[in-house]
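>>> Here is my input, please return the structure:
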Amino acid sequence: MPAKFLSSSIRAADIPKSNKPQIAMVGRSNVGKSSLINHLGGTKNLARTSAKAGLTQTINVYDFDRFHLVDLPGYGFSRAQRSQGRGFEEMISAYLSDSALLVLVLLIIDSRLGFTESDRHALDQLKNGGVPFVVIFNKVDKLSKSAMTVALRNLQAEFGDVRFIPHSIDGALGEIRDAIEKATRQPRV
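Got it, this is the predicted structure:
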């Protein structure tokens, strides 16, 4: 998927106007969103990664030819979030509820941690808002195959109606690309 960085903004209203469908990425700080963006874009430097968690304070938009990928600031542990209070949560909520072009949210969780309290809050928000989403079970390369299987089985038992897609930066992107392709072909109702 050829891609390029488009813009950064601190308000959802400042996202560049376009008729392209939008795919949003939501997840904790340091969950690997930037690495996933780079993996989708087929490059190592499309999205910047940081050794320190919680530095991204903006909404970053990437143009992926047929859609825009909207990377929202990480929630949970965040140096910036502690100083800004509920600002990030309000920014994310405003975007999710107001974007008419949003067709899919990729909720990224760390496979080693499972669902944290912050992830559960984000999941509830997505379910209550009626926003189509899938959960990306990220960093599965950090788990043994049996641990990954058990973790996914437990998540499916707890969240039977939620689709989980395992991902590692060394793995294939087929299921994620399929979810994006399906979402961008169907308008959000």
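>>> helices and strands of this structure: which one has the lowest mean pLDDT?
Counting by mean pLDDT, DSSP states H and E, the weakest-scoring helix or strand in the chain turns out to be helix 79-84, with a mean of 48.
>>> after that one, next one along is what?
Sequence-wise, the next helix or strand beyond helix 79-84 is helix 87-98, with elements assigned using DSSP states H and E.
>>> Using CSV, write out every CA atom in that following helix.
The C-alpha coordinates for helix 87-98 follow below in CSV (Å, rounded to 0.1, in the frame of the first residue of the first chain):
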residue,chain,number,x,y,z
GLY,A,87,-7.7,16.6,26.5
PHE,A,88,-6.6,13.6,24.6
GLU,A,89,-9.7,11.6,25.6
GLU,A,90,-11.9,14.4,24.4
MET,A,91,-9.9,14.8,21.2
ILE,A,92,-10.4,11.1,20.4
SER,A,93,-14.1,11.1,21.4
ALA,A,94,-14.7,14.1,19.2
TYR,A,95,-13.1,12.5,16.2
LEU,A,96,-14.8,9.2,16.6
SER,A,97,-18.3,10.7,17.0
ASP,A,98,-18.0,13.5,14.4
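>>> quick check: mean pLDDT across that helix?
The pLDDT scores in helix 87-98 average 74.
>>> what do you get for stretch 157-173?
Looking at stretch 157-173 alone, the average pLDDT works out to 93.
>>> In contact with residue 141, which residues?
In this structure, residue 141 makes contact with 168-171, judged by Cβ atoms under 8 Å, 6 or more residues apart in numbering. Placement of C-beta: from N, CA and C, glycine included.
>>> ugh, typo on my part, it should be residue 140
For residue 140, the set of contacting residues under the criterion of Cβ under 8 Å, 6+ apart consists of 111, 148, 166-168, 171.
>>> The spatially most central residue of the chain: what secondary structure?
By Cα atoms, centre = their mean, the chain has its centre lying nearest to residue 25, at 2.2 Å. Here residue 25 is recorded as strand under DSSP: H, G, I helix; E, B strand; the rest coil.
>>> Which residues does it form beta bridges with?
Each beta-bridge partner of residue 25 is listed here: residue 71, residue 106, as defined by DSSP bridges.
>>> gap between it and residue 39?
When Cβ to Cβ, to the nearest Å is applied, the distance between residue 25 and residue 39 equals 12 Å.
>>> where do the helices sit along this structure?
Applying DSSP state H to the chain gives helices spanning 33-41, 79-84, 87-98, 117-129, 145-158, 174-185.
>>> can you redo those helices as CSV with distance to residue 12 and mean neighbour count?
Written out in CSV, the entries for the helices of the chain read as follows (distance: least, Cβ to Cβ, whole Å; neighbours: other Cβ atoms under 10 Å):
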stretch, distance to residue 12, mean neighbour count
helix 33-41, 17, 22
helix 79-84, 15, 14
helix 87-98, 4, 16
helix 117-129, 14, 15
helix 145-158, 29, 13
helix 174-185, 19, 15
